[in-house]
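Visitor: The sequence and its predicted three-dimensional model are supplied below.
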Amino acid sequence: MRISTILPMLFFFLLQLLIIQPAISASSVVEITGGVPVEVPAPPGFVEGLRSIGETMTAPTNRLLALFLLEPELKRMVSGKSHRMTRYCMAQTSRKLESTNVSAQDFVKLRKTLKLQQRDLIENSKNDGQMLLDTMSEKLGRQSHDPSFTIKLGEMLPLGVFHETDTSIGISAYTKVSSVVDGKTVEIPMVSAWTTVLVKGKVVYFYVYSEYKSKADIEWTRSVSRQWVSSILSLNKNLDQQNVTDQLTSKKPKPATEPANSSTESFNNVLKKAESGDAVAQYSIGSMYFKGEGVPQDNKKAVEWIAKAAEQGLAVAQYTLGSIYSKGEGVAQDKKKGIEWYTKSAEQGFAAAQFNLGNNYYKGEG
């Protein structure tokens, strides 16, 4: 196996885990435990997508709110033309803290703890990440018949606190990801910025990752993080900032008001594009119907819209339709039809469809 195939293989594995989801979305409203809706914005130039990949990259102690990718890279991925993410962002929340209403005073203590325990925090993150990579290495090694295949995180070096306000704190880190294939090693330097934000009494984590080529990449991750903090507080009406100010000055907090439901608004905007024949929008509408995002959940309409996109030749829609028929989700199970749609997607180079198609042939199914 050539070293240059390592990253495509990595994302080949991740792409097979795709579930029905909107391909592209500008922002999302997430119900955090406790009934508090928080609008999570996409950084400029990024779009939300490939959620199941984000799920596999999220530690068990956290819950994924959104995975954001560069729009050109996401479009290449859903079309099957590329499987590489050079820069991406993730928003998460702690499962342990989801149901807790964190006060301004509590967040002050949390900020102090994060500053004092940067190295421990980064080391714990490395351990969680290595557990994921070990699982991936084992599966990829079996697929490639190379038991020596491994993916390892190198030492993670803290780069210090780069941002701190009453409602947020950001920390940078540097590491190298190395892979061993057939006894040969390749290293990919990575830089990241981890920001913790207090939004409407809830703690939200925002992670920005980039391949490292120069110091400009470090500043890029920090700049994206700062802008995102400003955006999420602004989108959520800065209610948290006002309450923090009131609490820290011993004033009575102002009552929070709920933001408008932008999920329905987003659905209506995408629907207009779908009705005009936009294949990506049709796929997104179908996904929204499956998940009940901005519209009542309706499997029948979901399949109809995804089928429209698939008929137009959208590879990810063809793959999804193949999965729908193979599993009988929203339709009567029909593995023969599943194979047909997997084949159309695979012929366009969509890796997940190629994997599932090969797996079906191996098992003699369909």
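Guide: Everything's here; your move.
Visitor: which stretches of the stretch 51-200 of the chain aren't confidently modelled?
Guide: 52-53, 76-84, 118-154, 180-183 (pLDDT under 70).
Visitor: repeat that for 50
Guide: Scanning the stretch 51-200 of the chain for pLDDT under 50 picks out nothing.
Visitor: Helices of that one, residue ranges please.
Guide: 51-56, 71-78, 104-116, 118-144 (DSSP state H, counting those that start in this stretch).
Visitor: what does the stretch 201-350 of the chain give?
Guide: With DSSP H, counting those that start in this stretch as the criterion, the stretch 201-350 of the chain has helices spanning 215-235, 239-248, 262-275, 279-291, 299-311, 315-327, 335-347.
Visitor: of these, which approaches residue 40 most closely?
Guide: helix 215-235 (6.6 Å; C-beta to C-beta). Quick note: C-beta positions are derived from backbone N, CA and C, even for glycine.
Visitor: Show me which residues of that closest one are buried.
Guide: 217-218, 220-226, 228-229, 231-233, 235 (16 or more other C-beta atoms under 10 Å).
Visitor: Now do that helix against helix 262-275, angle only.
Guide: 110 degrees (axes from the mean of the first three to the mean of the last three C-alpha atoms, to 10 degrees).
Visitor: And the average pLDDT for helix 215-235 is what?
Guide: In this model, helix 215-235 has a mean pLDDT of 92.
Visitor: elements contacting it?
Guide: strand 36-41, strand 87-94, strand 157-165, strand 168-181, strand 184-199, strand 202-211 (3 or more C-beta pairs under 8 Å, 6 or more residues apart in numbering; DSSP states H and E).
Visitor: Same list, the helices of the stretch 201-350 of the chain, but as CSV with distance to residue 174 please.
Guide: Listed next are the helices of the stretch 201-350 of the chain as CSV, based on distance: least, C-beta to C-beta, whole Å:
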stretch, distance to residue 174
helix 215-235, 8
helix 239-248, 30
helix 262-275, 36
helix 279-291, 36
helix 299-311, 41
helix 315-327, 34
helix 335-347, 38
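Visitor: between these, which gets the lowest average pLDDT?
Guide: Among the helices of the stretch 201-350 of the chain, helix 239-248 scores lowest, with a mean of 47.
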